[in-house]
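S.K.: With the sequence up front, the predicted model follows.
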Amino acid sequence: MPKLSAHNFQLLVVLASFLIAIQLTFAAESIEPNISPGEQELLEWLEGEESDMVAMLERITNINTGSLNKAGMAELAEIFSTELARLGFSVDSLPGGLIEMPSCPGTNYDIDLADHLLASKPGNGSRLLLMGHLDTVFRFDSPFQSYRQDGDRVFGPGVADMKGGLVVMLYALKALHAQGLLRDMDVSVLLNSDEEMGSLSSRQYVEEQAREHDFGLVYESSGMNNLVRQRKGLGQARFVVNGRASHAGGAHEQGRSAIKELAYKIVEIENLTDYETGVTVNVGIVSGGESRNTVAPCAEALIDLRYPTPEQGVETAAQFEEIFSRVYSYPVDSGEISTNSWVSLHRPPKIPTEESDYLLGKTRAIGRLLGQELGVTDSGGGTDGSLSQAVGLPTLDSLGIAGTGAHTIREEARLSSLLERAQLNAVLIARLAAE
Ligand SMILES: [Zn+2]
């Protein structure tokens, strides 16, 4: 066996102190008092509700709430309105509205959104804003529609993102209510219908509420038992290229192909991706043309953008505009190619602050008291927590059920984490409200 030389020993000491320093960064504010007898009652009350939680998850997963399914959304909103009203909240609905989008003649990409739900109750102590979304990415015609259980694994549309989170949030509040603790708390619950569409309509409400509260808790999935510390910003763009139709054989030279122009633009846009800076651009959907033998008069595309800093978002959006306004495929002065576009930097990056790190450290420490080891991760996915944090509300956005495969037909969740996370949140909310 090799001997440990003095030099190696020194290296080990340096390494060990480095690791301790990293640990301290996250653990600095993480000393939490032990679970009190009152909190123990919260935990036990929730244990008795586990089968009800599972039944509710099954029930609400089986209601389709694809972002554009207004009927499904209304049904789900009604369930939560009733439940929250029973807990002493006054419940309002906030208008969804119509978001108009450019599109080719004959297609319509306007987004007609369902209403959002805001429940609030006055009280003392820290003002808490709990946020979740009612919608999923699974349309009413998706093949993935129903809940299925296999041991501790459950499958279904939105089971992790985020119907499981909604159940966690509701039952944490129910536990606090049952123990008489909710009555004096200042809590608002905002459930929007358009998160999966980028919160285009609800953003104003999220920001408005964020400014009036002290802590933000969002019930996105906690993934593989991880809390998210930092997120990239998100943007999206839709653009429509208009050209001129013509017979592909008889008068090809008189046509101005929107598809040809779109192709040039796609290459330019895709080239904006830069893995070194972390900016990624994805042309996710394209369509256009009328028939094989017609020079295409119109073509359109939908783009996704991710960016680590607000400045990169603004810069890339400006590059989009430049590409939209340039004509690549025909002489510029012909005026026969034009582009309509819509660009939205709909989610700012979530940049950690001292206060949000405090919230994260506190949650992990409470998790440890309950035997739940929660890691820390960064994510490229967006949440409404990015909107609230950007206007100054310290927000933790991954407090929901543990799960994987969001946005795919492989979406699943770990059923036993329903109870775990409800217990974690009941204690977290009780302690935050007391600050
Ligand atoms: Zn989600």
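M.R.: Here it is on my side, so go on. Numbering: from 1, shown residues only.

S.K.: OK, contacts around residue 400?
M.R.: 132, 160, 162, 164-166, 168-169, 219-222, 421 (CB atoms under 8 Å, 6 or more residues apart in numbering). Every C-beta, even on glycine, is put in place using the N, C-alpha and C of the backbone.

S.K.: Turn these into JSON lines, including neighbour count.
M.R.: Conversion of those to JSON lines gives the following (neighbours: other CB atoms under 10 Å):
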{"residue": "132", "neighbour count": "26"}
{"residue": "160", "neighbour count": "29"}
{"residue": "162", "neighbour count": "30"}
{"residue": "164", "neighbour count": "31"}
{"residue": "165", "neighbour count": "29"}
{"residue": "166", "neighbour count": "25"}
{"residue": "168", "neighbour count": "30"}
{"residue": "169", "neighbour count": "26"}
{"residue": "219", "neighbour count": "31"}
{"residue": "220", "neighbour count": "29"}
{"residue": "221", "neighbour count": "29"}
{"residue": "222", "neighbour count": "32"}
{"residue": "421", "neighbour count": "32"}
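
S.K.: Helix or strand for residue 126, just tell me which one.
M.R.: strand 124-133 (DSSP states H and E).

S.K.: What is that strand packed up against?
M.R.: Contacts defined by 3 or more CB pairs under 8 Å, 6 or more residues apart in numbering; DSSP states H and E place strand 124-133 against helix 164-178, strand 185-192, helix 203-211, strand 215-218, helix 384-390, helix 416-433.

S.K.: would you put the C-alpha positions of it in PDB?
M.R.: Extracted C-alpha coordinates of strand 124-133, given in PDB (Å, rounded to 0.1, in the frame of the first residue of the first chain):
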ATOM      1  CA  ASN A 124     -50.300  37.800  10.400                       C
ATOM      2  CA  GLY A 125     -46.600  37.100   9.900                       C
ATOM      3  CA  SER A 126     -44.900  36.600   6.600                       C
ATOM      4  CA  ARG A 127     -47.100  36.800   3.500                       C
ATOM      5  CA  LEU A 128     -46.800  33.600   1.500                       C
ATOM      6  CA  LEU A 129     -47.600  33.200  -2.100                       C
ATOM      7  CA  LEU A 130     -48.200  29.600  -3.200                       C
ATOM      8  CA  MET A 131     -48.300  29.000  -7.000                       C
ATOM      9  CA  GLY A 132     -49.200  26.200  -9.300                       C
ATOM     10  CA  HIS A 133     -50.500  25.600 -12.800                       C
END
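
S.K.: So which residues lie in contact with the helix or strand just after that strand, not counting its own?
M.R.: Next helix or strand after strand 124-133 toward the C-terminus (DSSP H and E): strand 148-150. Residues outside strand 148-150 that contact it (CB under 8 Å, 6+ apart): 58, 154, 155, 156, 415.

S.K.: now swap in stretch 43-61 and tell me
M.R.: Contact with stretch 43-61 is made by 35, 76, 79, 146-147, 149, 154, 156-159, 163-164, 166-167, 170-172, 174-175, 178-179, 370, 415, 418-419, 422-423, 426-427, as judged by CB under 8 Å, 6+ apart.
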